[in-house]
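Undergrad: Quick check, what structure comes out for this input:
(chains A and B, ligands or ions: 2)
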Amino acid sequence: MSENRIPLIETRNLYKRFGELNVLNGISETIYKGEVVTIIGPSGGGKSTFLRCLNLLEEPSSGEVIFEGNILDVNSTDLNKHRQKIGMVFQQFNVFPHLTVMDNITITPILEKKINKVEAEKRAKELLEMVGLEDKALEYPNKLSGGQKQRLAIVRALAMDPDVMLFDEPTSALDPEMVKGVLEVIQALAESGMTCVIVTHEMGFAKKVSDRVLFIDEGIVKESGNPIDFFENPQNPRTKEFLAQVMY
Amino acid sequence: MGKSILEVFLEYWPIFLKGLIGTLRYAFIAVFLGSILGALVAFLHLSKNKLLSSIAKIYVNVLRGTPLLVQMYIAYYFIPMAIPILNNVDVVYFVLLALILNSSAYVGEIIRGGINSIEKGQIEAARSLGMSNKNCMMKIVLPQAIKNILPALGNEYIAMIKETSLAGTFMLYELMYTRTLLANKYLIWQPLFIIAGIYLIVTLVLSSLVSLLEKRLRVSE
Ligand SMILES: Nc1ncnc2c1ncn2[C@@H]1O[C@H](COP(=O)(O)OP(=O)(O)OP(=O)(O)O)[C@@H](O)[C@H]1O
Ligand SMILES: [Mg+2]
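TA: Numbering: from 1, shown residues only, chains lettered A, B, ... in the order given. Ligands and ions are numbered 1, 2, ... in the order given. Reported below is the predicted structural model:
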């Protein structure tokens, strides 16, 4: 990992204000190709905002996001092309309720990448098999459990062949018995070499899958390091305090 | 008292029928063309361009904040006066124009409400996949919004059926106009009850059709 690291997403001096509220206060970070980065930190610290800035769902007040060497720009038509390479999975799943499981996956590749329907469905079937949803292809999402919806949301993003996957607390809205299935899918993805940025409150999971952990608090990265050092020997007093609160 | 309601109805039912057809037709034209115009109004209203959205907002507020009857009078007297070429045009069209514009303001709000009712997460998911603005609107937002919009349009049609009664004032042949026709025959009170009865039956039937439609749309979710 240490040599030949290729930067995939880079932020430079990222600031974000909502009115009077300063949510991000200058974050400069680089996510490298193949890296699995988890982001932890107290509620309201700016984790989601940071993640949402990476594909410009949230437009930074100042600073830059550079993806595969390109500065992302909300006013540029290229943004859609770049976003196709940045998969995102939301806490609330956000699957499309008016489309079947199959159509949820194929609609964007067909519309935006002009992949033909047969091809797109073939790929979708493989993806559904990968997450154990092959028999749900023709159902509507209202027939799925929370865990199944989230697995659908993951493969919907994967169908675009992204270079990186962003996860914003992918298991926080799930019933406890659904959490493991979703985490296993993400772990398998991470182990397959997919670059992942994961905001999570699952510390055990963060410890297990990440190459690097970022602690975001008050809109800045207060500490960052490999999971062993980070969890066993945190340096920043805020990190220590936070870990003491969330770990038993 | 004179003739009974039933006697009047049996004698003059073709007049009432013609009036009803006129009512249904004018209401349909108003809502149909009002919907096309209303869609435009809604998109202007939702646009990021402040000027366009303010124009749409003012348009909606003016048309919803003034009585339809006043709008009809203005259309009826003012348009032919202001645009002399239109002097020979049948006044029906001016009154109808007022109905259409009025309806477009209400439909505009219906469509805007339908679009706004879609969760922000749906749009974010589509945009994060790299879907274009247009596809996101056409394939994700509108197909979901239509489930709210269609029943509301049905209700707008029902409301419009009642509103068109004002057009009788300007001699448009619709249900309320039959009152004027029969008053000439010294039939004053019977037609009123017949007219009220017909409005009631029509609106009740259409209301139940709208609820049926609503249920249908919900099932396919
Ligand atoms: N669209 C918005 N408008 C106004 N304030 C916002 C908006 N989005 C986020 N905020 C505020 O920004 C701050 C940071 O929010 P953010 O969602 O990034 O925190 P977080 O670290 O993800 O927290 P959590 O763990 O609760 O998800 C919060 O105070 C939040 O209320
Ligand atoms: Mg969050």
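Undergrad: Could you pull out the strands in chain A for me?
TA: Per DSSP state E, chain A carries strands over the ranges A:7-18, A:21-32, A:36-40, A:62-67, A:70-71, A:86-89, A:164-168, A:195-199, A:212-217, A:220-225.
Undergrad: Please compute how far the second one lies from its chain's middle.
TA: Meaning strand A:21-32. From the chain centre to the centre of strand A:21-32 is a distance of 16 Å (Cα atoms, centre = their mean, to the nearest Å).
Undergrad: what about that strand, near ligand 1?
TA: Yes - against ligand 1, strand A:21-32 shows contacts by Cβ under 6 Å from any ligand atom at A:L21, A:V23. Where C-beta positions appear, they are placed from N, C-alpha and C, glycine not excepted.
Undergrad: how about that strand: buried residues?
TA: Neighbour-count burial for strand A:21-32, counted by 16 or more other Cβ atoms under 10 Å in any protein chain shown, picks out A:V23, A:L24, A:I27, A:E29, A:I31, A:Y32.
Undergrad: before we move on, the earlier item: any chance of the strands of chain A in CSV with mean pLDDT as columns?
TA: Formatted as CSV, those follow (pLDDT from 0 to 100):
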stretch, mean pLDDT
strand A:7-18, 98
strand A:21-32, 97
strand A:36-40, 98
strand A:62-67, 97
strand A:70-71, 96
strand A:86-89, 98
strand A:164-168, 98
strand A:195-199, 98
strand A:212-217, 98
strand A:220-225, 96
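Undergrad: Distance-wise, check the closest residue to ligand 1 within chain B relative to A:L99.
TA: In chain B, the residue that lies nearest ligand 1 is B:K120 (9.4 Å; Cβ to the nearest ligand atom). Distance of B:K120 to A:L99, computed by Cβ to Cβ, to the nearest Å: 18 Å.
Undergrad: ditto for B:I15
TA: 51 Å.
Undergrad: could you say what helices and strands the longest helix along chain B packs with?
TA: Secondary structure of chain B per DSSP state H: the longest helix is helix B:5-46. Helices and strands touching helix B:5-46, by 3 or more Cβ pairs under 8 Å, 6 or more residues apart in numbering or on different chains; DSSP states H and E, are helix B:50-65, helix B:91-116, helix B:142-163, helix B:177-183, helix B:189-219.
Undergrad: Would you format these as TSV with distance to ligand 1 and mean neighbour count included?
TA: Shown next, in TSV, are the helices and strands packed on helix B:5-46 (distance: least, Cβ to the nearest ligand atom, whole Å; neighbours: other Cβ atoms under 10 Å in any protein chain shown):
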stretch	distance to ligand 1	mean neighbour count
helix B:50-65	20	14
helix B:91-116	16	22
helix B:142-163	22	20
helix B:177-183	54	18
helix B:189-219	30	14
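Undergrad: With mean pLDDT and distance to B:Y76 added, can I get those in JSON lines?
TA: Putting these into JSON lines (pLDDT from 0 to 100; distance: least, Cβ to Cβ, whole Å) gives the following:
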{"stretch": "helix B:50-65", "mean pLDDT": "97", "distance to B:Y76": "16"}
{"stretch": "helix B:91-116", "mean pLDDT": "96", "distance to B:Y76": "5"}
{"stretch": "helix B:142-163", "mean pLDDT": "95", "distance to B:Y76": "15"}
{"stretch": "helix B:177-183", "mean pLDDT": "95", "distance to B:Y76": "15"}
{"stretch": "helix B:189-219", "mean pLDDT": "94", "distance to B:Y76": "22"}
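Undergrad: Straight-line length of stretch A:124-137, end to end?
TA: End-to-end distance for stretch A:124-137: 9 Å, by Cα to Cα, to the nearest Å.
Undergrad: Quick one: mean pLDDT for that stretch?
TA: Mean pLDDT, stretch A:124-137: 97.
Undergrad: Distance from that stretch to the middle of the chain?
TA: 21 Å.
Undergrad: And for that stretch, what's in contact with it?
TA: A:100-102, A:105-106, A:143-144, A:148, A:151-152, A:154-155, A:158-159, A:181, A:185 (Cβ atoms under 8 Å, 6 or more residues apart in numbering or on different chains).
Undergrad: Fine by me, we can end here.
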